[in-house]
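Colleague: Just need the structure, nothing else, for what follows:
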Amino acid sequence: MLEPVRRWPSTAHRISLRWRAIRRTRNLHSGRDLLSELSARQLIADVTRPDGFAEHLQKPRTIYVGVDPTAKSLHAGHLIPLLCLFHFHIRGHNTLALIGGATGLVGDPSGRMKERSLSEKTQIESNTVTLADSIQQFFSRATEYALEKAPSPSTFTQFQVVNNLDWLKELNLLDFLRNTGIHFRVNHMLARDSVKLRMSAHNGITFTEFAYQLLQGYDFYELFRARGCTIQVGGSDQWGNILSGIDLINKIKGDCAGYNGGCFALTTPLLTTSQGEKFGKSAGNAVWLDENLTSYLDFYQFFLRTTDADVEKYLKMFTLLPVEELDAVVREHEIHPERRLAQKLLANEVTLMIHRKEGLEAARVATKVLFGTDYSTLHAKDIVKSLANDPRLLRCTEDELLGITLPNIAAKFGLTSSKSVARQLAIGNGLYLNNVPQPDVHFKLERNHLIDGQVAILRAGKDTHLILALR
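Modeller: Numbering: from 1, shown residues only. Predicted coordinates for the structure are as follows:
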């Protein structure tokens, strides 16, 4: 059986932990050891045997996090466990991301009241490829971001992405039942929160989903056996699955010379607002890391719209800025919340880490276009680039744009439902060209009215925009 588990307090970042010690020069971590740093950043929900864990980390270890391939891209919810893994990475530990190319075909029941619809094999295979690229890109860009924040960190170890289909696809059912299933007790499996939740539902749980924890447990054992992996990181809904893996390793290796039960679990909080609202694919409000699914602007705006109640937590979770620096920003924000200093810093830092400088600049330009009041510093090429995938940007010819009245243009390109509506808006100072109201219904657009002679920004009312760019 596993040793007692400590439920990590939500206020852990304010507690003087016993393993807080040893001043170090690492800029990103202000001298804290790794578990204290993760705690200060509110990235820990639960850990097994914290004191033993801290001692275990005195040497380089191998850690992995699992990613479910039911979507083709990472989303903001993935960032929490991946950033937790990244903190291990920049401390010199070996890190792995495991994509469930096999387990994705079964479906994880964790945190769900209804059975998952089984995904098509071809879709899982496709998602596995795109996710591997996305995860590698995240670690590459996060490393660039970290090096920019701390020019002289310790040498980063190699990061790898693996697929559990590589070892599960050849697994023989009879051998699996004899060699692995024999170590699992049904009463313990029934006690897992993910199983109890589903058992309480009307339709119960299928054997396929019930057996999922055996497969994830076997993944941990395989990585322990083949790669010396001793730590698994996952979202808090994965707690029971991770414990299944530790339990399996302990039972298989418990009598082996040199094994001292040195495997550990660490779970991260799920991404929620202060009201408990979840974010992610299942919740239907995912913010994707792929700019083709969530634009630079929408990604930036998601973090910029963070509430005052959530912004401190998000700053510590999603950025690598020193905690002490973030505490100072939060204190200033609390004095002048109307300036939204904390939200601006959050949006800037996360967008920079995920989309690099060009993505951040595009998001800032688009924000000025759609939410700003001063267009004097905007340039046409930057506007077009920042809104390249936005449906509000339309390309048109000179004949479609120049020498035509503004109300007619607004109606033609769908900013208003009709010419008469556009004219009424104009008369009421509600039709804008480049953020200036145009009450003259006979006003005709000419090239000198365009930004750099190329772009016109039309607005109807407070927030309905249309950006017209000459081809």
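
Colleague: all contacts plus neighbour counts: C-alpha atoms, from now on.
Modeller: Fine.

Colleague: And the helices in the stretch 101-250 of the chain?
Modeller: 121-149, 165-168, 173-179, 186-190, 193-199, 207-210, 212-227, 239-253 (DSSP state H, counting those that start in this stretch).

Colleague: Give me the distance from the second one to the chain's centre.
Modeller: Using C-alpha atoms, centre = their mean, to the nearest Å, we find the averaged C-alpha position of helix 165-168 to lie 26 Å away from the chain's own average C-alpha position.

Colleague: Would you mind listing the buried residues in it?
Modeller: 165, 168 (16 or more other C-alpha atoms under 10 Å).

Colleague: pLDDT on it, on average?
Modeller: Per-residue pLDDT over helix 165-168 has a mean of 93.

Colleague: Show residues contacting it.
Modeller: Contact with helix 165-168 is made by 100-103, as judged by C-alpha atoms under 8 Å, 6 or more residues apart in numbering.

Colleague: wait, which of the helices of the stretch 101-250 of the chain is closest to residue 52?
Modeller: helix 239-253 (14.4 Å; C-alpha to C-alpha).

Colleague: Number of residues surrounding residue 80?
Modeller: By other C-alpha atoms under 10 Å, the residues close to residue 80 number 23.

Colleague: what's the spacing between it and residue 205?
Modeller: Distance, residue 80 to residue 205, using C-alpha to C-alpha, to the nearest Å: 28 Å.

Colleague: likewise residue 342?
Modeller: 44 Å.

Colleague: Those two: which has the busier surroundings?
Modeller: residue 342 (26 against 20).

Colleague: so the more buried one sits in a helix?
Modeller: Yes - using DSSP: H, G, I helix; E, B strand; the rest coil, the assignment for residue 342 is a helix.

Colleague: just checking, it touches residue 311?
Modeller: Yes - contact criterion C-alpha atoms under 8 Å: residue 342 and residue 311 qualify, at 6.6 Å.

Colleague: for this structure, what helix or strand is lowest in average pLDDT?
Modeller: The weakest-scoring helix or strand in the chain, judged by mean pLDDT, DSSP states H and E, is strand 5-7 (a mean of 46).

Colleague: Show me what the following helix or strand past that strand is packed up against.
Modeller: The first helix or strand that comes after strand 5-7 along the chain, using DSSP states H and E, is helix 34-40. Counting contacts by 3 or more C-alpha pairs under 8 Å, 6 or more residues apart in numbering; DSSP states H and E, helix 34-40 packs against helix 76-90.

Colleague: could you check the angle helix 76-90 makes with the next helix or strand after the helix it packs on?
Modeller: Heading C-terminal from helix 76-90, the first helix or strand you meet, by DSSP H and E, is strand 94-99. Using axes from the mean of the first three to the mean of the last three C-alpha atoms, to 10 degrees, the inter-axis angle of strand 94-99 relative to helix 76-90 is 150 degrees.

Colleague: I would like the residues contacting strand 94-99, please.
Modeller: With C-alpha under 8 Å, 6+ apart as the criterion, strand 94-99 contacts 60-69, 85-86, 88-89, 128, 131-132, 135, 157-164.
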